[in-house]
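Colleague: Structure, please.
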Amino acid sequence: MTIKLLSPTSHVHKARQAREKSLQSLDGRKIGLIFNQHGTTLAFWKALEETIEKQFQPSALSRVYKPSVWAPAPAPDVERIAAETDLAIVGVGA
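Modeller: So this is what the prediction gives:
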């Protein structure tokens, strides 16, 4: 077994964060939904989706329903939602 010591005086790289975007209104926006389909939240999520559609009338509504409650949402699906929507609502554990 080897123990590797690192100098505590090295320079730490600070990642640059893009400026946060803010939306003045959700009305007519493209909205993404990512949901883990956990059985205890199915009724809530259905009501949430219906409320979003009625109240904000999105110009597009993209959905990702995970194939497994325990696995993360597939990266290509998450990237697609991020690219084609103005905002995303992510269910717990998605």
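
Colleague: Let me see the backbone angles for Ala60.
Modeller: phi -150, psi 150 (degrees, to the nearest 10).

Colleague: tally of neighbours for it?
Modeller: 12 (other Cβ atoms under 10 Å). Yep, even glycine has a C-beta here, placed from its N, CA and C like the rest.

Colleague: quick one: the closest residue to it other than its chain neighbours from Ala18, how far?
Modeller: Excluding its sequence neighbours, the residue lying closest to Ala60 (Cβ to Cβ, 6 or more residues apart in numbering) is Lys30, at 4.3 Å. Lys30 is 19 Å from Ala18, where distance means Cβ to Cβ, to the nearest Å.

Colleague: Neighbour count: the two, which is higher?
Modeller: Each of Lys30 and Ala18 has its neighbours counted (other Cβ under 10 Å); Lys30 has more, 15 against 5.

Colleague: Quick check: the more buried one touching Phe56?
Modeller: No: assessed by Cβ atoms under 8 Å, Lys30 is found out of contact with Phe56, at 10.7 Å.

Colleague: Go ahead and confirm His38 touches Trp70.
Modeller: No: contact status for His38 versus Trp70: not in contact, 9.8 Å apart, counting by Cβ under 8 Å.

Colleague: Fine by me, thanks again.
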